[in-house]
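Colleague: Test case, fold it:
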Amino acid sequence: MAGRPAGGTRASLAALASPPLAYPLFFRWLTSRPPRRVPFDSPIPSVMLSPVASRLPYRQATPAQQAQALLALRHLLRHHFPTLPAPAFARSLAELRPDLVVDQAQVGFAHQEVTQLVQLLAASPELPFLDPPIYGPPTLDLAQHSLLTSELTVQALVEFVAQQTRCGPHLYALLLRLVHYYPLAEQVVQAWPWHLASSPPLPRSSPGWMPAPGSPEVMHYLHQLAATSGFLP
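Modeller: Residues are numbered from 1 along each chain as shown. Okay, here's the model as predicted:
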């Protein structure tokens, strides 16, 4: 049975919306798994040189090997960043200090290190700030996932209220967080043209009736759930 938050005030409900996140636990879980390769990824050629290649920590590499790694990285990402100067690549290597993949006289990188270097390089101050930004298919897929999650959460909230189900503070905080469309996800979906033959397929909507996420009606349902769960004075 859920207890009343300390103080029993509406302010305590607002605090539930942003509970402390367990970042260390999340990152331990993430780094213990092999890097995920989603279907949108296109393989980067010549990342791993051969099955017998060995890893070499960047700090243990000779100046010649580090210079070779810089040349290899610029060649590998020449289509990603055709106008980015060499100092930006050198700066990213010095900052990330990735393991090198060494095969006799050749030097390369594992795919995960290349992926991380791409993110660093994409944030280089030498690159122009794009406004409006570019949202690719992976970003659109993630945005649609976020919006559909909000719709399903609203349906779950309606069911909770209809069944007069009580919830604990963490479940309430989760509902309070997810019953609103995430603004960036909305922006991404709105940026795409949906009326063209080449447009991505529209995602399936959540089945059944529901109020719009973030609407006053949804806020009323949340208030009812809070009252049922004993969160209101």
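
Colleague: need the contact list for the most centrally placed residue in the chain.
Modeller: Centroid check for the chain by C-alpha atoms, centre = their mean gives Leu142 as the closest residue, at 7.7 Å. Applying C-beta atoms under 8 Å, 6 or more residues apart in numbering to Leu142 gives the contacts 185, 188. Placement of C-beta: from N, CA and C, glycine included.

Colleague: what distance separates whatever helix or strand it lives in from the centre of its chain?
Modeller: For Leu142, the element it lies in under DSSP states H and E is helix 137-162. Taking C-alpha atoms, centre = their mean, to the nearest Å, one finds helix 137-162 lying 16 Å from the centre of the chain it belongs to.

Colleague: now swap in stretch 74-91 and tell me
Modeller: 24 Å.

Colleague: Then stretch 164-183?
Modeller: That offset, for stretch 164-183, works out to 20 Å (C-alpha atoms, centre = their mean).

Colleague: what comes up buried for it?
Modeller: Under the neighbour-count criterion of 16 or more other C-beta atoms under 10 Å, stretch 164-183 has 167, 169, 171-176, 178-182 buried.

Colleague: same deal with stretch 69-83?
Modeller: Under the neighbour-count criterion of 16+ other C-beta under 10 Å, stretch 69-83 has 69-70, 72-74, 76-77, 81 buried.

Colleague: With secondary structure as added columns, please give these in TSV.
Modeller: Output for those, formatted as TSV (DSSP: H, G, I helix; E, B strand; the rest coil):
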residue	secondary structure
Ala69	helix
Leu70	helix
Ala72	helix
Leu73	helix
Arg74	helix
Leu76	helix
Leu77	coil
Phe81	coil
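
Colleague: What is the nearest of the residues you listed to Leu100?
Modeller: Ala69 (5.4 Å; C-beta to C-beta).

Colleague: Identify the residues contacting that closest one.
Modeller: So Ala69 contacts 58, 61, 93, 100, 107, 109 (C-beta under 8 Å, 6+ apart).
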